[in-house]
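>>> return atomic coordinates for the entry below.
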Amino acid sequence: MQGGDALLSHVPELRHPSRRLMAASIAALMFALASAAMIAVDIFLPAWALAGQVVVILAGFGVAGQFFWRRKEYRAKWGERAYRNAFLRHMLPGLPMMFAAIFHTAYMPGERVPLGWATPIAAMLGLYFAATGFVLWARAGEYFGADNGGMLYVYFPDESRMIESAIYGILRHPMYSGAVRVGLALGLWRGTFFSILFGLFMPIGLTLWLRLAEEPELIERFGEAYAEHRRNVPAFWPRAAQWGKFWRFLISGR
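Predicted structure coming up:
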């Protein structure tokens with residue numbers, strides 16, 4: 001994956017397998033704890049399952065958001081170590097909590113909504129969203145790289161690299177678009193009122209994340225150029241005129 005060397009140059013500890021295993025273990029533990037909390041609500045307070053899921057995703061949002069909101073404070077406090085320490089404190093626990101909440105959609109309690117003849121249509125829509133979501137996430141990730149995926153340049157903006165891929169002229173955030181699609185697929189496949197509702201909430205929730213956390217930093221880093229890009233390019237769903245290019249990217253990666 002691109003950008004690995006840039007990431008390792010600022011976090012050399014990750015060159016050691018034991019440190020990578022430790023980071024992965026922390027993320028897995030946070031995912032498991034968040035999942036356990038939601039499962040406990042599912043069992044003992046099933047009517048509050050959606051509320052429990054929303055609380056977990058908001059908690060993850062609040063923890064991970066500190067990575068962006070406190071970057072100036074951390075740079076002044078820790079200097080070169082600011083990125084490493086901020087990621088360890090905020091992204092490593094916060095992101096798995098949000099992923100756990102999204103995955104919880106697949107096993108939320110409740111009766112399936114009776115769709116009758118529309119059930120196969122919902123299943124096919126779920127398959128479409130899942131397939132395009134996973135492919136889009138993987139294709140975009142090849143260009144996005146470990147450095148951008150690890151949000152390295154939030155703390156080292158002068159080292160930012162240009163991402164050269166047609167998909168970023170079609171969607172501002174193709175990897176998040178993939179996550180939205182998978183969330184919708186899980187909601188449709190589970191088929192309860194709450195799971196479908198949460199799936200529909202996914203693009204709203206990620207829009208809030210972008211507006212409150214990521215995009216203010218991008219505008220600060222790139223100025224009017226990014227503000228113009230945001231006005232002209234949708235975040236998650238390609239415009240009809242771009243569908244051909246979108247599918248070309250999914251199929252060929254170009």
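
>>> show me where pLDDT drops low in the protein?
The model of the chain has pLDDT under 70 over residues 1-3, 162, 164.

>>> quick one, helices of it?
4-10, 17-44, 49-69, 71-78, 82-86, 92-104, 119-149, 174-190, 193-209, 215-222, 224-232, 243-252 (DSSP state H).

>>> most tightly packed of these?
Among the helices of the chain, ranked by average contacts under mean count of other CB atoms under 10 Å, first place goes to helix 174-190 (a mean of 24). In this view, the C-beta of every residue, glycine as well, is placed from N, C-alpha and C.

>>> orientation of that one relative to helix 193-209 in degrees?
On the basis of axes from the mean of the first three to the mean of the last three CA atoms, to 10 degrees, helix 174-190 is oriented at 170 degrees to helix 193-209.

>>> helices or strands next to helix 174-190 in the packing?
Here helix 174-190 touches helix 92-104, helix 119-149, helix 193-209, going by 3 or more CB pairs under 8 Å, 6 or more residues apart in numbering; DSSP states H and E.

>>> now the longest one and helix 193-209, what's the angle there?
Taking the same axes, to 10 degrees, helix 119-149 and helix 193-209 form an angle of 30 degrees between their directions.

>>> mind giving me the packing neighbours of helix 119-149?
Judged by 3+ CB pairs under 8 Å, 6+ apart, the packing partners of helix 119-149 are helix 4-10, helix 174-190, helix 243-252.

>>> same check, this time on the last one
Using 3+ CB pairs under 8 Å, 6+ apart as the contact criterion, the elements in contact with helix 193-209 are helix 49-69, helix 174-190.

>>> same thing but at 6 Å, please
helix 174-190 (3 or more CB pairs under 6 Å, 6 or more residues apart in numbering; DSSP states H and E).

>>> next, the angle from the helix it packs on to helix 243-252.
Using the same axes, to 10 degrees: helix 174-190 against helix 243-252 is 90 degrees.

>>> done for today, thanks.
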